[in-house]
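[1] Prediction below, plus the sequence it came from.
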Amino acid sequence: MNKSIRYFLVILTVCFLAGAVHSQDRTRTRGKEKGMILDLTRFSLGTMNKTEDRKQYMSTIQLEKQRIENFTLGIVYENAFFFYRRGDYQRAHDLAMAILAVDPEFKNARTLAEQAHRMGTFGTLSESEIIAAKTAEAERLHANGRLVEANRKFDEILAIQPNNGNAKNWQRKISKEIAQEHERRGDAAYAKGDFEKALDQWYSALLIRKEDPSLVSRIVKVEKELKDKKLTAAMKEGAEYYSAGKLVSSFNAFQRALKIQPAEPKAQKFSDQLRTEIAQGYVNSANKFYKSGKYDSAIANWNEAKKWGYDANTLDAAIKKARNAKTASTAKKTTKPISGSVTKPEIPTVEQEDPFAQDPVFDEPNFNAQLPTVETTRVSEENRRLSQEAYGRGVKAFNDEDYETARKEWNTAKQLDPGNADAEQGLRRVQEMLEVR
């Protein structure tokens, strides 16, 4: 049967079977009617002219429908329990089964349906005898160390008798024992160096022992240890990839380190340096492709260099020249000789018009070298110019009190020209400002 139809039948069942309940106990649901209203006024959906807006609207509708369904099933369960306490086991069973038709995971309804069926079929068996049997079974499970199952059995007792003091006492006792078991397993995992498993177990214990300062302190300590462990592993991985010449993998490893510990100085420094080296590698490859007449490959590599932060203006100019050279080369191949004494116009070739004729040729990067330092880095005039431009952008950002952008630009300036004293002084100044904040 369709779920919507079943849901409608549940509502009809409530209307016909619960009338007597509301006439005798009207105060029980007074004031709850408001909860039945599909209230969308709490949500600011705006205009729905985009796919995301429509998705948000449908998600909101589904959440509100689920809230109303939960509210309705709660009322039905209250009525079913009311009939059960009156001894009307058939109606109690019917209502509980109607709930389960809509929500099979409603545990209290399942317990009530089973109990109502049992009481209606075996009327000679008293409720107290059933409670005693369930208690004995729960105690047996507890004695065998099956704590979770024992706890569920006491849940069944409380579904029938919500004020059963013995069941409540047992549940408090079992909850403490479950917390102790989680703590013990956490301690064992920590001793083996499995910090994540230890934290999972301790958090489970904390859900029961919500105000345990020693447990909270232990969790905080191990969270820091785990964070440091992950950070060290990421930094080590980045260094190993760099030594193997795998620059992109190295960059990704240092980026993971920054997610673990934002603004970690070494990870930030190495990430900036790798970004520059990767961009430079693409530029070097593009230069080679250009000089061999492979203009499309050259353009593709220059575009990749832009993604890694290389100066866009410089690269755009090179791409434009490469496209012109490609056009000229294509025209030269397709031009037919003209008979007579007319001189054929001269078309520029790669050798005649090199887009880097006025620009320095970049050195081939040594991927296996250590990260450059002030003493070991050879700085081209182009890099000095780009460094000064980055420094100027950093000054503007600093004056606008955008210290993070200023630090980023000055770090770039330092990477391009490690001897840029102005950028070094700017970095010290921005660090002072951030510490004051």
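    Arrived safely, thanks for sending.
[2] Asp228 versus the closest residue to Arg91 other than its chain neighbours, what's the distance?
    Closest residue to Arg91 apart from its sequence neighbours, by CB to CB, 6 or more residues apart in numbering: Phe83 at 4.3 Å. The C-beta positions use only the backbone N, C-alpha and C, and glycine is treated the same way. Distance from Phe83 to Asp228, counting by CB to CB, to the nearest Å: 60 Å.
[3] ditto for Met119
    Met119 is 60 Å from Asp228, by CB to CB.
[4] of these two, who's got more company?
    Neighbours were counted for Met119 and for Asp228 using other CB atoms under 10 Å; Met119 has more, 21 against 12.
[5] and stretch 407-424, which residues are buried?
    Buried residues in stretch 407-424, defined by neighbour count with 16 or more other CB atoms under 10 Å: 407-418, 420, 422-423.
[6] low-confidence ranges in the stretch 1-150 of the chain?
    1-57, 120-125 (pLDDT under 70).
[7] mind redoing it with 90?
    1-134, 137, 145, 148 (pLDDT under 90).
[8] Model confidence at the residue nearest to the spatial centre of the chain, what's the number?
    Per CA atoms, centre = their mean, the C-alpha nearest to the average position across the chain is that of Lys259, at 11.7 Å. Confidence at Lys259, expressed as pLDDT, is 91.
[9] ok, so what distance separates it from Leu141?
    45 Å.
[10] what's the answer for Leu207, then?
    Applying CB to CB to Leu207 and Leu141 gives a distance of 21 Å.
[11] neighbour-wise, which of these two wins?
    Higher neighbour count among Leu207 and Leu141: Leu141, with 19 against 11, using other CB under 10 Å.
[12] What is the one helix or strand that one maps to packed up against?
    Element membership for Leu141 (DSSP states H and E) is helix 127-143. Helix 127-143 sits against helix 107-121, helix 147-160, helix 165-191, with contacts defined as 3 or more CB pairs under 8 Å, 6 or more residues apart in numbering; DSSP states H and E.
[13] just to revisit the earlier point, on the C-terminal side of the strand or helix carrying the residue nearest to the centre of the chain, identify the next helix or strand.
    Using DSSP H and E, Lys259 sits in helix 247-260. Downstream of helix 247-260, the next assigned helix or strand under DSSP H and E is helix 265-291.
[14] Quick one: residues in contact with whatever helix or strand comes next after that following helix.
    Next helix or strand after helix 265-291 toward the C-terminus (DSSP H and E): helix 295-307. With contact meaning CB atoms under 8 Å, 6 or more residues apart in numbering, helix 295-307 is reached by 279-280, 282-283, 285-287, 289-290, 312, 315, 318-319, 322-323, 325-326, 329.
[15] Put the alpha carbons of helix 295-307 into CSV.
    Only the C-alpha atoms of helix 295-307 are listed here, as CSV (Å, rounded to 0.1, in the frame of the first residue of the first chain):
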residue,chain,number,x,y,z
TYR,A,295,51.9,26.7,-30.4
ASP,A,296,48.8,24.9,-29.0
SER,A,297,50.9,23.0,-26.5
ALA,A,298,52.7,26.3,-25.5
ILE,A,299,49.4,28.1,-25.0
ALA,A,300,48.0,25.2,-22.9
ASN,A,301,51.1,25.3,-20.6
TRP,A,302,51.0,29.0,-20.2
ASN,A,303,47.3,28.7,-19.2
GLU,A,304,48.2,26.1,-16.6
ALA,A,305,50.9,28.5,-15.3
LYS,A,306,48.2,31.1,-14.8
LYS,A,307,46.2,28.7,-12.6
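[16] residues of the helix holding Leu141 that come out buried?
    130-131, 134-135, 138, 141-142.
[17] for stretch 170-182, same thing?
    Neighbour-count burial for stretch 170-182, with 16+ other CB under 10 Å as criterion, is recorded at 170-171, 174, 177-179, 181-182.
[18] tell me which of the residues you listed is nearest to Ile75?
    Closest approach to Ile75 among the buried residues of stretch 170-182 (CB to CB): Gln171, at 25.8 Å.
[19] any idea how far Ala138 is from that closest one?
    Distance from Gln171 to Ala138, by CB to CB: 10 Å.
[20] Next: Val102.
    With CB to CB as the criterion, Val102 and Ala138 are 29 Å apart.
[21] Same check on Ala113?
    20 Å.
[22] quick check: angle from whichever helix or strand Thr330 is part of to helix 265-291?
    Assigned by DSSP H and E, Thr330 belongs to helix 312-334. Per axes from the mean of the first three to the mean of the last three CA atoms, to 10 degrees, the angle that helix 312-334 makes with helix 265-291 is 20 degrees.
[23] and helix 312-334, what does it pack onto?
    Using 3+ CB pairs under 8 Å, 6+ apart, helix 312-334 sits against helix 265-291, helix 295-307.
[24] could you redo those helices as CSV and give each row mean neighbour count, distance to Tyr242 and mean pLDDT?
    CSV is the format used below for the helices and strands packed on helix 312-334 (neighbours: other CB atoms under 10 Å; distance: least, CB to CB, whole Å; pLDDT from 0 to 100):
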stretch, mean neighbour count, distance to Tyr242, mean pLDDT
helix 265-291, 20, 7, 91
helix 295-307, 19, 19, 92
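[25] Perfect, I'm done here.
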